[in-house]
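Student: Dropping a prediction and its sequence here:
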Amino acid sequence: MAKVIQIESLSVEELKGLLVETSSMAIQKYISLEKPIEDEELIIESELCKRLHRSKVTLSEWRKRGLLPFYRISRKIYYNWTEVIAALKKIERK
């Protein structure tokens, strides 16, 4: 539902302020939706082991229990670093 604004009752300064505020909010929303490319990187299992200081067996157990999001492409397993961090934070909160 659109917000109705009565322009005739606003001064020029109030209108300018409203436009600046609305523009700022729109820009902030756009920036928050934008993700840096490096956050979306897919990494292989050995790289994730190094980053988390865990063994391949541990990662396999976490995958089986549904704790670790992963992608299987052909026979290789890949992880999205951002999704892994989010999953680990979720586990940590419990």
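Tutor: Looks like it arrived, so ask away.
Student: contact partners of stretch 67-79?
Tutor: Applying C-beta atoms under 8 Å, 6 or more residues apart in numbering, the contact partners of stretch 67-79 are 42-45, 48, 59, 62-63, 80, 83-84, 87, 91. For glycine as for every other residue, the C-beta is placed from the backbone atoms N, C-alpha and C.
Student: Just the buried residues of stretch 82-94, please?
Tutor: The neighbour-count check on stretch 82-94 (16 or more other C-beta atoms under 10 Å) flags 83, 84, 87 as buried.
Student: Those residues in helices, which ones?
Tutor: Residues of the buried residues of stretch 82-94 located in helices (DSSP state H): 83, 84, 87.
Student: TSV for the residues you listed, including pLDDT and distance to residue 28?
Tutor: TSV is the format used below for these (pLDDT from 0 to 100; distance: C-beta to C-beta, whole Å):
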residue	pLDDT	distance to residue 28
83	93	24
84	93	27
87	91	27
